[in-house]
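Trainee: Sequence below, structure please.
(chains A and B)
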Amino acid sequence: MESIFISITAGILFGWLDVFNYNKKKFLNQLSTVALLIMLWCLGAKIGCDDELLRNLGLLGFRAVIMAFGIIAGSLLLLWLVTRLFAHDISQEEQEDKK
Amino acid sequence: MIYGIIAAIISGMGCGYLWLSTAARPILDEILLTALAFMVFVAGVEIGGNRHIIKKICNPKGFALMAAIPTAVVIGSLVGGGIAGTLTGMKVEDAVLVSAGLGWYSLSSVVISTMYSVEIGTISFLTNVLRETLSFALIPLIARYNKIMSIGIGGASTMDSTLPVIIKYTDLHTGILGFVNGLALTLLVPFLLSVLMPK
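Mentor: Here you go, the predicted structure:
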């Protein structure tokens, strides 16, 4: 957890001080996509290499899938209400972004 | 990109199943954390390099939105997960407890397994891993329809692993809201778990 806080703070600081030029930022973004794919591969490998987890995946997976979808649906529904409440402010900001 | 994401997870699972043992987990964790730290660093550079967005978000309406999003995600997760879990035959309090992991699978599964029940801890692990994994695929889809709503899918992970995906498919303004949401939820998970844990 600490490494995450240090990384994001360092990143914000580097960005704020404008250390990287446009091309370097573009390169960093491409590297970040590669890092994302590596991360997902490792996440998959962690599940795949654990036989007990794979067995449990069938046993408890059904409940987990239903719950994950229920949780996501509940979050989306309430956030939709929030976007209705703040609709005016959000559209105003988007208009400003386009300018 | 979505195909790349799905291919990476599935090939990872396949390789893990065929060639790796659980002894490889510490190495995988090390790679995971390094890749994550790098991605979060790049996300930080994006955030820091756009001062006008940070200034724009620091106003009363910005603060209200920053508080409303995590509140909605917590209530939505607990109610949605509670109802869904009950439908599959789980006890309401167990289902709500699993939902309180808010996508932070490593913490919630360990806490629930050690303090309450291994079975519920395993469901918590799977549910919250699925929440994070599904986020990678669903954020790009939902962001097309509504940027703010795409923040809710990942739960606490919008502060680290899914933050780069949010920034990639929405904009920096939404990315900052996502980061604040993830930070608030991450701080809330230990508190929610201790309150909701059946005695």
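
Trainee: switch to C-alpha atoms for all contacts and neighbour counts from now on
Mentor: Noted.

Trainee: Next, residue B:101: phi, psi?
Mentor: phi -70, psi -20 (degrees, to the nearest 10).

Trainee: Does the closest residue to it other than its chain neighbours lie in a helix or a strand, and which?
Mentor: Nearest residue to residue B:101 in three dimensions, chain neighbours excluded: residue B:108, at 5.0 Å (Cα to Cα, 6 or more residues apart in numbering or on different chains). Counting by DSSP states H and E, the element that carries residue B:108 is helix B:105-115.

Trainee: Check which residues of that helix are buried.
Mentor: B:105, B:107-113 (16 or more other Cα atoms under 10 Å in any protein chain shown).

Trainee: tell me which strands and helices the helix or strand bottoming out on mean pLDDT in chain B is in contact with?
Mentor: Least confident helix or strand, chain B: helix B:51-57 with a mean of 74, by mean pLDDT, DSSP states H and E. Contacts defined by 3 or more Cα pairs under 8 Å, 6 or more residues apart in numbering or on different chains; DSSP states H and E place helix B:51-57 against helix B:172-196.

Trainee: Name the residues that touch the helix it packs on?
Mentor: With Cα atoms under 8 Å, 6 or more residues apart in numbering or on different chains as the test, helix B:172-196 has contacts from B:46-47, B:53-54, B:57, B:66-67, B:69-70, B:74, B:93, B:96-97, B:100-102, B:104, B:108, B:147-148, B:151, B:155-160, B:163-164, B:166-167.

Trainee: burial measure for residue 43, as a count.
Mentor: Assuming you mean chain A. If you count neighbours by other Cα atoms under 10 Å in any protein chain shown, residue A:43 ends up with 24.

Trainee: nope, chain B
Mentor: Neighbours around residue B:43, by other Cα under 10 Å: 30.

Trainee: So it sits against residue A:9, correct?
Mentor: No: the pair residue B:43 and residue A:9 fails to qualify as a contact (Cα atoms under 8 Å) at a distance of 10.2 Å.

Trainee: Any stretches of chain B with poor pLDDT?
Mentor: By pLDDT under 70, the weakly predicted segments of chain B are B:1-2.
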